[in-house]
Each structure stands twice: as structure tokens, then as C-alpha cells.
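# could you work out the structure for the sequence below:
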Amino acid sequence: MRRRKKKHDDEHMDESWLIPYADLLTLLLALFIVLYASSSVDAQKFKELSQVFNEIFTGGTGMMEYPSPVAPQQSSDQVEKQAASLNQKEDKEKELSKEELDKQAFMKDQEELKEIQKKINEYIKTNNLEVQFITKLTDEGLLLTIRDNVLFDSGSATVQGSDLSVAGELSDLLVMNPPRNIIISGHTDNVPIRNAEFESNWELSVMRAVNFMKIILDNPELDPQWFSAKGFGEFEPIADNGTAEGRGQNRRVEVLILPRVTE
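The predicted structure follows:
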């Protein structure tokens, strides 16, 4: 009997599990690479990197066509220049802001002086004093000019009794809150004076300013620390001393109300 040869079939182990295992290893490797990369860049760069990958996978953009997600490193000189430029811009903005605030404060102060001028002009008009009293807003402040014959006799520094009430009413117009610096100055013409009381026009102008200021300060609502008196004699004329009319204009007392803010 023919002996039947026993057939040995090769038995092989099922290797289908290798495919998902290899995929798992690949994913783990990718995870470690991403974790390492995220530890080496800051949050902003990692966000940019994520956006790049998102564009690649959703928009079909190739890696070679997309710009680098990591911004090029700047040199220290470039950083310093940018910082200096930023500081200059901030300083300029602050300077412009200060100039604008100063301008607004100046304009507000000028409006206040105009209101004071308006009140004084109303008083002048009510009392028919347009010839003797004149107001003018100047670069130095609000100037009130009073002809000397309104207050003084010729060659005298004593305020006439009939004009004491005028000085008192004027003092009420000088009450301001907060107060302002006020300068009262006396002026004469160039005709020499020499009498028992005064040896020069300069002395006469000083005493007229002082005496008028004293009457103004009889008002208890005015603080003397805000007032000062000056005498200029014949040395600051506003008209020609060669005519009687000009000399009459030069003989005067001036009340200068100073601004709080200068331009």
C-alpha cells in the first residue's frame, strides 16, 4: 500500500494588527513633535503655526507657498529704533495735548475779561462817562483809562470829593472770584511841575496812583495783596504833548486787570 505523504501546511500568524499599531506609533510621534515645538515657541507663534496648518488642510495651500509662520527675529538696534520712535510719537501727542489745553485755558480767560469789560462799559454808558472812561482789551490785559480831570484837580493828587462815589462804584466792578492781579498807574503830561507838595511829574503820578488805589481798597471785598501802584510821570505818553488835547489825554490814571493765563 502506497504510503500517503503527510502534507504539512505552513501555519502563519495573523498580522493584520500591525497596520493600526503602526498608525498609532505615527500619531504618537507626531504628538511628541508638536509638544516639543509648542514648548520652543511662544503662544503667538504657536497660534500662527496652527493657522498655517489649518489653511493648508482646509484651503489646499501648499507648504512652500505659505509664508513662514515664525516672524524673523529683529536685531537689538531695530528694537531700540522702534522703541525710540514710539516714545517720540507719545511725547508729541502729549505736547499737542498740553498745547491744546493751554489754548483752551487762554480762550476761557479772555472770555472772562470780555465779560468784565462788558460790565464796566455798561456802567460807563449808564453814567454818561464815555468821554472820561475808556476800556480796551490788550495783550497785557483789560485796560481802563480814566482822564485825570475826572478824579483830580490840576497839580493835585487828592481825589475830588465829588468823584469819591465814582471810585467806590468802580471798586465794585473789580470784585472777582477768583481775584485777579490789578495794577493802578498814574501818568502826566510833560509840563514841568514844581510846588510845595511835588517836585516832579513823576512824584505826582505816583501819589495819584496810590491815593486812587487807597479809595478802591476801601471796599472790604477787595484784597490788597492783588493790587499794586505805579507812577510813570510823563514818560509813557499816548498822545502828542505838543497840543492841549494831547496833553489832556496823557494826564490819566490807568487800571490794568491782568489775565490769569498768558498766550
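# what's the closest non-adjacent residue to residue 238?
residue 249 (5.8 Å; C-beta to C-beta, 6 or more residues apart in numbering). C-beta: built from backbone N, CA, C; applies to glycine.
# count the residues that sit near that neighbour.
Burial measure for residue 249: 19 neighbouring residues, criterion other C-beta atoms under 10 Å.
# helix or strand: which one has it?
According to DSSP states H and E, residue 249 maps onto helix 244-250.
# point out where the stretch 51-200 of the chain drops to low pLDDT.
By pLDDT under 70, the weakly predicted segments of the stretch 51-200 of the chain are 52-76, 78-79, 83, 89-96.
# apply 50 and report the result again.
Low-confidence segments of the stretch 51-200 of the chain, defined by pLDDT under 50: 60-66.
# can you show me the strands along it?
For the stretch 51-200 of the chain, the strands defined by DSSP state E, counting those that start in this stretch occupy 133-138, 141-147, 182-187.
# before we move on, the earlier item: show me what contacts the residue nearest to residue 238?
147, 238-239 (C-beta atoms under 8 Å, 6 or more residues apart in numbering).
# filter these down to just the buried residues.
Taking 16 or more other C-beta atoms under 10 Å as the criterion, what is buried in these is residue 147.
# nearest to residue 104, of the contacts of residue 249?
Relative to residue 104, the closest of those is residue 238; by C-beta to C-beta it sits at 33.3 Å.
# the closest one should be in a helix, yeah?
No. Assignment of residue 238 by DSSP: H, G, I helix; E, B strand; the rest coil gives coil, placing it outside any helix.
# quick check: it touching residue 250?
Yes. At 6.2 Å, residue 238 and residue 250 qualify as touching, with contact defined as C-beta atoms under 8 Å.
# overlap of the contact sets of the two?
Common contact partners of residue 238 and residue 250 (C-beta under 8 Å, 6+ apart): residue 187.
# from the contact counts, what lies against the helix ranked longest in the chain?
Longest helix in the chain, counting residues (DSSP state H): helix 76-126. With contacts taken as 3 or more C-beta pairs under 8 Å, 6 or more residues apart in numbering; DSSP states H and E, helix 76-126 sits against strand 133-138, strand 141-147, helix 164-173.
# now the angle from that helix to strand 133-138?
On the basis of axes from the mean of the first three to the mean of the last three C-alpha atoms, to 10 degrees, helix 76-126 is oriented at 170 degrees to strand 133-138.
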